[in-house]
Structures are given as structure tokens and as C-alpha cells.
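Participant: Compute the structure for the input listed below.
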Amino acid sequence: MLLNLTSAAPYLQKQGIWGPVTATLDWCEVNHQFSPYIAEMANTISNLFTVAIALVGYQQAIAQQLPLRYGLGYLGVALVGIGSFFFHATLQYHAQLADELPMIYVGSMSLWMLFDSKPGFGLKSSRTRFLLAAALLLDVLFTWSYIVYRNPIYHQFVFGTMVVSTAIRITYILRYSDDAPRIPAKKKETIGTLFTIGAVLFATGFLLWNLDNGFCHRLTQWKLRLGWPQAFALEGQLTLCTKDRPENYQVFFRYGLPHLGRVDEVKKTD
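Facilitator: Okay, here's the model as predicted:
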């Protein structure tokens, strides 16, 4: 979907150094309004927060000595943020792939972690190896098919299916799985609260994203009246408890963000 804002603000359109837009998506921002190096300023800069939050999560995973998969998951989110930064800065097709493909890879990794819910974190289990192979196969097949079939709706459908599947799996683990009784009620409540907040934020973001696309020209007119930087405000763009003893882990908060950590052995014996 390419949004042409030339009619809404022709005098704000500037040439960038990256050449013509080759991406299949061009969002509701006047391209290169502020810099020849950055096509969509708000969409680009906002990804710095994604990368920063992911790196904080990775640092906490290392500090808490969590299993390798959790640190890699945070690095995957950081990779999405980096790819998205370059995509929105350049609006080039290869940069778009650097954004959208890691989204699928992180999504498949999340599903692997959620379905690999039996005790133990190694790769010795045949179930673990099978699920990992299935996730990798999904990544390879999607990468091939998306390069052949360059339709962003296809990507959105697959990613949306992953999000819904993740929600269903989390609900199953907390309520209906054989491991559900092992998870203390307080931890279930905390996970449920965080999950609900995340779902509401995701749904709100999805709604704003669609409003941003559907009313792009009107929003652009409002931005022109407000002026910048005020107009930037109108830019709309947990399985450890089953694989180990739940009392070994707790949800902590740093910089206002939740993260998983090991409970100090000394504190547990007090």
C-alpha cells in the first residue's frame, strides 16, 4: 500500500538520497520532510525505543542467567527494531525484508518456546528438536514464498495468525494444561494481567494504524495546522513456570518494564 501525500502537502515533499521508493509499503508520513537520509522520521526514530527495550531485556536475561533461548528472543526483537529503522528510513524493498522477515522469525520462535513446555531447556528432547525444526522450516518456507509473492497483506495475515496462536497457547497453558496446577495463583494473576495489558495495547495500536491509513490525508492536514514537533503526536504508527520449578522465578520491574528473573536462593530459604 503506497500512500501518496503529494496532494496533501506538495511543498513538504523532498528528494532523499536512497532513490525511488521500491518498498511495497509507504506509510502516512511525508517522505524526507526533515532529512534526505530519513524518509519517515517518526516511524524511524520510534524504533530506537524498540531496540533499547529489547537490549534492556537481553541484559536482564544475561544478568539473571536465564536459558539461552530467552536472550536470543530479546535479540530477535532488537533485530526487528533495527530492520524497521532502516526500512522506514530508506523505503527500499531489501530494507523492508529486513523488517518484516525478522517479525516472522521472532513469532515462530515464540511459538516454539510456548509449545516446548516440557521440563528442561536443552535440545536432547525429541519433542524440542521436532518443534525447533518445524519453526525453522516455517521460516524458510515463508521467506521463499514472501520473496516470490510480494504482497504485504500475506505477511500481515501470517503474522496476525502467529499473534492469535500465541494468545491461544498462553491461555491453554495457564488454564487447561497439565502444568497449570503447578503455576501459583499469584503468578497466574501477574501473567494474566501483563498478557491482558499487552493485548489491549496491541489492539489499540492496530486500531490507530488502520485509522492512520484510512484517514491519512485528513491527518496530514491536521499536522500542517498543528506544526511540528507537536504534529508527531498524530503519528499512529512466559513458559518458565512449566519448564522449571515456578517458585524459582518472579516478575520484576525495571524502568517501568516487566522482566523475568530468578529468585535469589538465599531469599527463598529465609
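Participant: Helices of the stretch 151-270 of the chain, start to end?
Facilitator: 152-175, 185-214, 216-226, 240-243, 265-269 (DSSP state H, counting those that start in this stretch).
Participant: got it, and the stretch 1-150 of the chain?
Facilitator: According to DSSP H, counting those that start in this stretch, the helices that the stretch 1-150 of the chain contains are 41-45, 47-63, 68-90, 93-115, 126-148.
Participant: what would the ones you listed look like in CSV with mean pLDDT and mean neighbour count?
Facilitator: No exception for glycine: its C-beta is placed from N, CA and C like everyone else's. Putting those into CSV (pLDDT from 0 to 100; neighbours: other CB atoms under 10 Å) gives the following:
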stretch, mean pLDDT, mean neighbour count
helix 41-45, 85, 20
helix 47-63, 89, 16
helix 68-90, 93, 20
helix 93-115, 94, 20
helix 126-148, 94, 14
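Participant: Please produce TSV containing those, extended by distance to residue 201.
Facilitator: Putting the helices of the stretch 1-150 of the chain into TSV (distance: least, CB to CB, whole Å) gives the following:
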stretch	distance to residue 201
helix 41-45	18
helix 47-63	13
helix 68-90	15
helix 93-115	17
helix 126-148	25
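Participant: Output stretch 34-44 in CSV, but only the C-alpha positions, please.
Facilitator: Taking C-alpha atoms only, stretch 34-44 is exported to CSV below (Å, rounded to 0.1, in the frame of the first residue of the first chain):
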residue,chain,number,x,y,z
PHE,A,34,13.1,16.6,7.7
SER,A,35,16.2,14.9,6.2
PRO,A,36,17.3,13.4,2.9
TYR,A,37,18.6,10.4,4.9
ILE,A,38,15.4,9.6,6.7
ALA,A,39,12.1,9.1,4.7
GLU,A,40,9.7,8.6,7.6
MET,A,41,11.1,10.4,10.6
ALA,A,42,8.5,9.3,13.3
ASN,A,43,8.4,5.7,12.1
THR,A,44,12.2,5.6,12.0
